[in-house]
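Undergrad: Here is a sequence together with a model predicted from it:
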Amino acid sequence: MLLLFVAAALALQDAEVEEQPGPAEQQAQSEQTEDATGATPWQAQIYSGKPAWTREDMESGRDGWDLAHKCGGSLIAEGWVLTAAHCINAARIENGHRIRLGADYIDNDEGVTYRIDRMVRHADWNQKQHAYDVALVHFVADEETNDSKSGPVEGIPLYEGPPLGAGVAVYATGWGQLDETKGSGFEAELTSVDLQTVDCSTYEQYQNVPDYQLCASGRTPGDDADTCTGDSGGPLVLEGDVPKLVGIVNWGVGCYRPNSAGVYLRIDNANFRDWVARAMVSDPSVSELR
Ligand code: 4AZ
């Protein structure tokens, strides 16, 4: 993985830097608490391809790439990115949201981008309850698709074993906020964070988390490693010779709080593998599947 990242960085060294239009310069980042170990070749970004700035956006002082970023995702098959349901809807498809693959930085036109032509969202998704927060996004090449500035792109296999118990080493990647403050801004460079699975029931705030979700925290006591807004939809990966996708970044009570955890949708032999398989072979008219 590290080797792949180095190769990607080298391949991208000569890339032309094309600034995306934005209201202002990025604010200086004050917190950089996580390791930035770089690209994983299955990491996807969902972003607004034709951003329409609101007054609030204009006044936010944030860059265009930052305002355009929506979510992470994982390439799991040709043309399919697995993400969170709250990351995609019909309006976003209609107004030109795109998938980016093969990027480490999202502020300099890296990677290769595709038009989203379809989604299959879980029919029981409930935003308020963070329930069944899973969707597949289908993408196609169009006139903007150009892989000359792309790093390696490779799908990740879904984890096929039994549901993970507590104490398993996993990691998450994304361009999400490094601070829980709403609107604090996304990260231009992909960040990777080392986590371990924990028992949700040991956290007061996660007593009602359903069995199809898992909790993950930092690996050492007091370690505030976590995911946050903007990481949603992205991968939770089980380490190994062949990394496996074992979860999707879903939600949490705040971010980076001491002795807390984030909540992930489980992918394993009892959770959602069958749903994913059925979604990918469903009729193209289907946009919701139970
Ligand atoms: C979010 O808002 C979010 N700390 C994602 C992950 C976590 C919290 C919030 C976990 O998308």
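TA: In hand now; what should we look at?
Undergrad: List the contacts of the residue nearest to Gly155 when sequence neighbours are not counted.
TA: Nearest residue to Gly155, sequence neighbours excluded (C-beta to C-beta, 6 or more residues apart in numbering): Leu75, at 4.6 Å. Heads up, the C-betas are built off the backbone N, CA and C, glycines and all. Residues counted as contacts of Leu75 (C-beta atoms under 8 Å, 6 or more residues apart in numbering) are Pro41, Trp42, Gln43, Ala44, Val81, Leu101, Val153, Glu154, Gly155, Ile156.
Undergrad: Could you pick out the buried ones from these?
TA: Pro41, Trp42, Gln43, Ala44, Val81, Leu101, Val153, Gly155, Ile156 (16 or more other C-beta atoms under 10 Å).
Undergrad: Asp226: which of those is nearest?
TA: Here the nearest of the buried ones among the contacts of Leu75 to Asp226, counting by C-beta to C-beta, is Gln43; it sits at 17.8 Å.
Undergrad: which residue does the chain bring closest to the ligand?
TA: Closest contact between the chain and the ligand, by C-beta to the nearest ligand atom, is at Gly252 (2.6 Å).
Undergrad: Got phi/psi on that residue?
TA: Gly252 adopts backbone torsions of phi 180, psi 160, taken as degrees, to the nearest 10.
Undergrad: Excluding chain neighbours, what is closest to it?
TA: The shortest distance from Gly252 to any non-neighbouring residue, by C-beta to C-beta, 6+ apart, is to Gly262 (4.1 Å).
Undergrad: isn't Gly79 right next to His138, touching?
TA: Yes. The criterion here is C-beta atoms under 8 Å, and Gly79 meets it with His138 at 5.6 Å.
Undergrad: Show me which of these two is the more surrounded one.
TA: Between Gly79 and His138, His138 has the larger neighbour count (other C-beta atoms under 10 Å), namely 20 against 17.
Undergrad: Listing request: residues of the stretch 1-150 of the chain with sub-threshold pLDDT.
TA: 1-39 (pLDDT under 70).
Undergrad: quick one: Ala135 and Val168, what's the gap?
TA: To Val168, Ala135 is 25 Å away according to C-beta to C-beta, to the nearest Å.
Undergrad: Which of those two has more residues huddled nearby?
TA: A direct count of neighbours by other C-beta under 10 Å for Ala135 and Val168 places Ala135 higher, at 28 against 15.
Undergrad: For the more buried one, list each beta-bridge partner.
TA: Thr83, Arg121 (DSSP bridges).
Undergrad: Correct me if wrong: it contacts Asp124.
TA: No. Contact criterion C-beta under 8 Å: Ala135 and Asp124 do not qualify, at 11.8 Å.
Undergrad: so what sits against both of these two?
TA: Counting by C-beta under 8 Å, 6+ apart, Ala135 and Asp124 have no common neighbour.
Undergrad: and the chain, which residues reach the ligand?
TA: Within reach of the ligand by C-beta under 6 Å from any ligand atom, the chain has these residues: Asp226, Thr227, Cys228, Thr229, Asp231, Ser232, Val249, Trp251, Gly252, Cys255, Gly262.
Undergrad: Please name the residues that touch the third one.
TA: What it means is Cys228. Gly176, Gln177, Leu178, Asp179, Glu180, Gly252, Cys255, Tyr256, Gly262.
Undergrad: ok, back up a step: sort out which of the residues of the chain next to the ligand are in strands and list them.
TA: Among these, the members falling in strands (DSSP state E) are Val249, Trp251, Gly262.
Undergrad: mind checking the SS state of the closest residue to Gly234 other than its chain neighbours?
TA: Of all residues not flanking Gly234 in the chain, Gly72 sits nearest, at 2.5 Å (C-beta to C-beta, 6+ apart). Three-state call for Gly72 (DSSP: H, G, I helix; E, B strand; the rest coil): strand.
Undergrad: For Gly72, give me its contacts.
TA: 43-46, 83, 173-176, 230-235, 249.
Undergrad: Repeat that for Leu289.
TA: Val120, Arg121, His122, Ala123, Trp275, Arg278, Ala279, Ser282.
Undergrad: biggest separation within those, which pair?
TA: Within the contacts of Leu289, Arg121 and Arg278 form the most distant pair, 13.1 Å apart (C-beta to C-beta).
Undergrad: Name the residue in these two with the higher neighbour count.
TA: Arg121 (25 against 13).
Undergrad: Would you map the strands across the chain?
TA: For the chain, applying DSSP E gives strands covering 43-48, 69-77, 80-83, 97-101, 112-122, 135-140, 169-174, 191-198, 213-217, 235-238, 244-251, 262-266, 288-289.
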